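J.: The following comprises the amino acid sequence and a computationally predicted model.
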Amino acid sequence: MATRRIISSDKGVLDVDDNGFTSKANEKSSIAPAVPAHVIYKLLGFTLAMIVGPIGFYFASLNTLFGGNSTYAGASAAIVANIVLMGYVIVAFREDQSEAMEAAEKERKGK
Amino acid sequence: MADADYTPKFAPFFGMAGIAFAMTFGCIGAAFGTAKSGIGISGVGTFRPDLIMKSLIPVVMSGIIAVYSLVIAVLIAGDMGPPPDLNYSLFNGFMHLACGLSVGLTGLAAGYAIGIVGDMGVRSYMYQSRIFVGMVLILIFGEVLGLYGLIVALILNTKSRG
């Protein structure tokens, strides 16, 4: 025990991370604490929007908005896909490193 | 008799080939982009898990490539029908083949570009955070190639009603 403490205090951040990783792997094999819930909800939302959004908008607007003109409906479906992409880029851009730092601090407190 | 010259029996073959080419080539591109950038994300995620959210952008863009192909395939499929109801002309068959090939092969090209740029860009982003804006810009320019194919296919598709 004593030798371990000396080694970890000597080597600093890298060694602490390594110890923490191995201890966490010994505890449980669940991914739940590693990824926060709101990130998972964001990803699930964007996945659903990407699957349902463009093709759903195509079929919804084909006969209601554009009166059967499938060209406009197809173009608007592509626009919807790009809007989903823009939303993802904005959300990913806003999730800057401050949130990651907070999560890391929480993890350190949890240990 | 003149109608049979313009609407031969084999004309729907080319339209069906257009649908198949659009979906297969576009999905080959999207799959390559997803897999190649996924390799990079897996490499980065082990060292910097906080970057995974931003690193997933190439995967989303690869998904858009597949959506373009899907839209064109649905569009072509909506114009087709069995012969007694719809006289499918040879012009429409070739035009739908051109639609499918243009959106499919540009999707293949765009997915290839997105895969390689996503892989290397995400790996570089682990070391230099300023590369993010450049990476997203390069990815957008790569993805626009697929959009050009979609635009050409949509314009071509308007000719079927002329």
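T.: Everything's here; your move.
J.: which residues of chain A fall in strands?
T.: Taking DSSP state E, chain A contains no strands at all.
J.: Could you pull out the helices in it for me?
T.: A:2-11, A:13-27, A:37-64, A:70-94, A:97-110 (DSSP state H).
J.: what's the distance between B:Phe10 and chain A?
T.: 24 Å (Cβ to the nearest Cβ, to the nearest Å). In this view, the C-beta of every residue, glycine as well, is placed from N, C-alpha and C.
J.: So what's the residue count around that residue?
T.: Counted with other Cβ atoms under 10 Å in any protein chain shown, residues neighbouring B:Phe10 total 8.
J.: What residues does it make contact with?
T.: Residues in contact with B:Phe10 (Cβ atoms under 8 Å, 6 or more residues apart in numbering or on different chains) are B:Gly93.
J.: Give the phi and psi angles for B:Leu150, as a check.
T.: Phi and psi for B:Leu150, reported as degrees, to the nearest 10, are phi -60, psi -40.
J.: which residues sit in contact with it?
T.: A:74, A:78, B:68, B:71-72, B:103, B:106.
J.: ok, 7 Å please
T.: Shown in contact with B:Leu150 (Cβ atoms under 7 Å, 6 or more residues apart in numbering or on different chains): A:78, B:68, B:72, B:103.
J.: and chain A, which residues reach chain B?
T.: Contacts of chain A with chain B, taken as Cβ under 7 Å from any Cβ of the partner chain, map to A:34, A:39, A:46, A:50, A:54-55, A:58, A:70-71, A:74-75, A:77-78, A:81-82, A:85, A:88-89, A:92, A:95, A:97, A:100.
J.: about what we covered before: rank the helices of chain A by pLDDT, which is bottom?
T.: Among the helices of chain A, helix A:2-11 carries the lowest mean pLDDT, at a mean of 50.
J.: Show the pLDDT at the residue nearest to A:Ala92 when sequence neighbours are not counted.
T.: The shortest distance from A:Ala92 to any non-neighbouring residue, by Cβ to Cβ, 6 or more residues apart in numbering or on different chains, is to B:Lys54 (4.5 Å). pLDDT, B:Lys54: 83.
J.: what's the burial count for B:Lys54?
T.: Other residues close to B:Lys54 by other Cβ under 10 Å number 24.
J.: how near is it to B:Val152?
T.: Between B:Lys54 and B:Val152 the computed distance is 32 Å (Cβ to Cβ, to the nearest Å).
J.: Select the longest helix from chain B.
T.: From DSSP H, the single longest helix across chain B is helix B:90-127.
J.: how far is that helix from where the chain is centred?
T.: 5 Å (Cα atoms, centre = their mean, to the nearest Å).
J.: Any residue of it touching chain A?
T.: No. Using Cβ under 7 Å from any Cβ, helix B:90-127 stays clear of chain A, with a minimum separation of 10.2 Å.
J.: And stretch B:56-72, by the same measure?
T.: Yes. Judged by Cβ under 7 Å from any Cβ, stretch B:56-72 comes into contact with chain A at B:57, B:60-61, B:63-64, B:67-68, B:70-71.
J.: gap between A:Glu105 and A:Tyr41?
T.: For A:Glu105 relative to A:Tyr41 (Cβ to Cβ), the value is 22 Å.
J.: Next: B:Phe32.
T.: Distance, B:Phe32 to A:Tyr41, by Cβ to Cβ: 29 Å.
J.: Over to B:Phe141?
T.: For B:Phe141, the distance to A:Tyr41 - Cβ to Cβ - is 31 Å.
J.: for B:Leu156, same thing?
T.: 40 Å.
J.: ok, those two, which is more surrounded?
T.: Counted by other Cβ under 10 Å, B:Leu156 and A:Tyr41 do not tie: B:Leu156 has more neighbours, with 21 against 10.
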